[in-house]
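Participant: sequence? don't have it. structure:
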């Protein structure tokens, strides 16, 4: 049975699907009730994993910038001295510290795979939701560059203290979930803002898929307009750095000698390089960008003719082409248009790697819990995770509601096993802190699996299975190029816009908060900030309109009484089921 079309079609997998559906596994995961099948769920989980596999390399690379558990005692030169990790002027980072960083990076990769494996397994078994979990891309940036700082310098707290803060935050998050606070918050959030969150996440996905770090590099940075058209070859790119006023003298340090600026011996303090860049010319002439566009076009054509696994086929096609060395669209080797091609080729040739998380497991430092900076970081983790995961969970449930009408209760905004799902993402944060990585969250890339037909926890279990495989085949999995998965993010983002049709755009009190939510999620690169903007605007407008209506009613200038105005303004969450139907 085709889950989307409802048309009977014979397949070599039908006997297996029927056997699983009738077994205790099928009954537990409600495969028939949700109009799915085992092979559909497996395919959906595989697609979800492929679109989020980039996190294995990205999370490790980003957390490496914190320095991890590496200290000044790991330096080869000036051992034990402050800032010895930055090395001697003009000679780059200290080799001993760099060696420690590489060991820690491998530990981060294994830790990411292990924590994601366990979290996805729990989401599938406990919540029966087709959702994947991994370290959040927004919160890991805050963890790395704000809470800890580059190589542990200039941040609020140390790496070990930040991990300890994340561990406590996970337990607080779990308490909030068990007490049902998150469920109550969802019921209070206006329906227009929740629907807009889903659409905003769709634009967010598309925005990510169009950039260079996790996409096809069609959009790049611009100092005047922030973003612009990209797609330029590697020799036409200008790297981007962010400098504070205090860092500028170190970068531009020079001495005027006979009227000529001569650089001093001081080494530039550039800090971490941005994953974005500015095109200086030859826009839309990058082979990798065009290969990604071709992959996306293939996905759309296959999807338009109801081919199963359209997204998976497109990702595999682009990946295989990119692994062929010797052409400009390759992801591996010296001819790659994405920096680091030679290193990726060396890593790819290893094929198999053994997981090891010894360097980052249980490396907590509890000494800073009497400091305001630690509590500031902890509370920031909490509110970012609260809004991000809650918004993402409900948006994914809304996306499922399109193919499974009634999956979400329209009044209470609850979905099956909601509390279990909330508890799982809190437990995931605790697990991630135990292995030394930034807090985890439900991934918006889960929408790609839902689009492929994923409707049960079997999809999450499939993602968990692939993370287990990735533990030993990380060199292969980490070699899937971003321009192979980027088109899938754009495509799924476009499909998620459908939820915006249910917003009453003629009502200003719904339209303005919804629009701000949609716009600010991708523009601030944060689901949390978008939801805050939408809620704040909605509450402000609600109070202004209420005061205006009450004033008119009190003065007798309205055809409604004060009591009627208050009754009409009561949110649906506070109205009983019977009164709501009468209303």
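Facilitator: Looks like it arrived, so ask away. Keep in mind that this is a model prediction, so the values were computed, not measured. Numbering: from 1, shown residues only.
Participant: for the stretch 1-150 of the chain, which spans come out with low pLDDT?
Facilitator: 1-11, 88-92, 138 (pLDDT under 70).
Participant: all strands for it, in order.
Facilitator: 133-135 (DSSP state E, counting those that start in this stretch).
Participant: if I look at residue 166, how far off is residue 140?
Facilitator: For residue 166, the distance to residue 140 equals 10 Å [C-beta to C-beta, to the nearest Å]. No exception for glycine: its C-beta is placed from N, CA and C like everyone else's.
Participant: what's the answer for residue 62, then?
Facilitator: For residue 62, the distance to residue 140 - C-beta to C-beta - is 6 Å.
Participant: which neighbours do residue 166 and residue 140 have in common?
Facilitator: The contact sets of residue 166 and residue 140 overlap at 438, 439 (C-beta atoms under 8 Å, 6 or more residues apart in numbering).
Participant: neighbour-wise, which of the two wins?
Facilitator: residue 166 (28 against 23; other C-beta atoms under 10 Å).
Participant: tell me which helix or strand the more buried one sits in.
Facilitator: helix 159-178 (DSSP states H and E).
Participant: heading C-terminal from that helix, find the next helix or strand.
Facilitator: Criterion used, DSSP H and E; the element after helix 159-178 is helix 181-188.
Participant: the inter-axis angle of that next one versus helix 159-178?
Facilitator: 60 degrees (axes from the mean of the first three to the mean of the last three C-alpha atoms, to 10 degrees).
Participant: ok, residue 351 - contacts?
Facilitator: With C-beta under 8 Å, 6+ apart, residue 351 has these contacts: 473, 475, 476.
Participant: make sure the first one is actually in contact with residue 352.
Facilitator: Yes: counting by C-beta atoms under 8 Å, residue 352 is a contact partner of residue 473 at 6.3 Å.
Participant: all helices of the stretch 301-450 of the chain, in order?
Facilitator: 310-322, 341-348, 372-403, 418-434, 446-451 (DSSP state H, counting those that start in this stretch).
Participant: CSV please, covering those helices and showing distance to residue 496.
Facilitator: Shown next, in CSV, are the helices of the stretch 301-450 of the chain (distance: least, C-beta to C-beta, whole Å):
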stretch, distance to residue 496
helix 310-322, 14
helix 341-348, 31
helix 372-403, 6
helix 418-434, 19
helix 446-451, 6
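Participant: go through those and pick out the most buried.
Facilitator: helix 446-451 (a mean of 28; mean count of other C-beta atoms under 10 Å).
Participant: helices or strands up against that helix?
Facilitator: Applying 3 or more C-beta pairs under 8 Å, 6 or more residues apart in numbering; DSSP states H and E, one finds that helix 446-451 makes contact with helix 38-52, helix 191-210, helix 372-403, helix 457-472, helix 482-496.
Participant: picking that back up, okay, residue 473 and residue 352: which has more neighbours?
Facilitator: residue 473 (16 against 9).
Participant: now that one: phi and psi?
Facilitator: phi -120, psi 40 (degrees, to the nearest 10).
Participant: that older thread, closest to residue 106 out of the helices of the stretch 301-450 of the chain?
Facilitator: helix 341-348 (10.4 Å; C-beta to C-beta).
Participant: now do the closest one: distance to the chain's middle.
Facilitator: Chain-centre distance of helix 341-348: 25 Å, with C-alpha atoms, centre = their mean, to the nearest Å.
Participant: tell me which other helices or strands it touches.
Facilitator: Short answer (3+ C-beta pairs under 8 Å, 6+ apart): helix 341-348 packs on helix 474-477.
Participant: what's next to the helix it packs on, contact-wise?
Facilitator: For helix 474-477, using C-beta under 8 Å, 6+ apart, the contacting residues are 53, 56, 109-110, 113, 347-353, 466, 469-470.
Participant: show me what counts as buried in it.
Facilitator: 474, 475, 476, 477 (16 or more other C-beta atoms under 10 Å).
Participant: mind checking how far the nearest residue to residue 549 once chain neighbours are set aside is from residue 556?
Facilitator: Nearest non-adjacent residue to residue 549, counting by C-beta to C-beta, 6 or more residues apart in numbering: residue 565, 4.7 Å away. Noted for residue 565: a distance of 13 Å to residue 556, by C-beta to C-beta.
Participant: please apply the same query to residue 202.
Facilitator: 47 Å.
Participant: now residue 365: closest residue in space, sequence neighbours ignored.
Facilitator: residue 160 (3.6 Å).
Participant: need the per-residue pLDDT for that neighbour.
Facilitator: Per-residue confidence (pLDDT) for residue 160: 92.
Participant: report how many residues lie close to it.
Facilitator: Using other C-beta under 10 Å: residue 160 sits among 21 other residues.
Participant: do I have it right that it meets residue 361?
Facilitator: No: between residue 160 and residue 361 there is no contact under C-beta under 8 Å: 11.9 Å.
Participant: residues contacting the nearest residue to residue 312 once chain neighbours are set aside?
Facilitator: Distances taken as C-beta to C-beta, 6+ apart put residue 47 closest to residue 312, at 4.9 Å, once the chain neighbours are dropped. Shown in contact with residue 47 (C-beta under 8 Å, 6+ apart): 309, 311, 312, 315, 448, 449, 452, 488.
Participant: how near is the last one to residue 142?
Facilitator: So the one you mean is residue 488. For residue 488 relative to residue 142 (C-beta to C-beta), the value is 26 Å.
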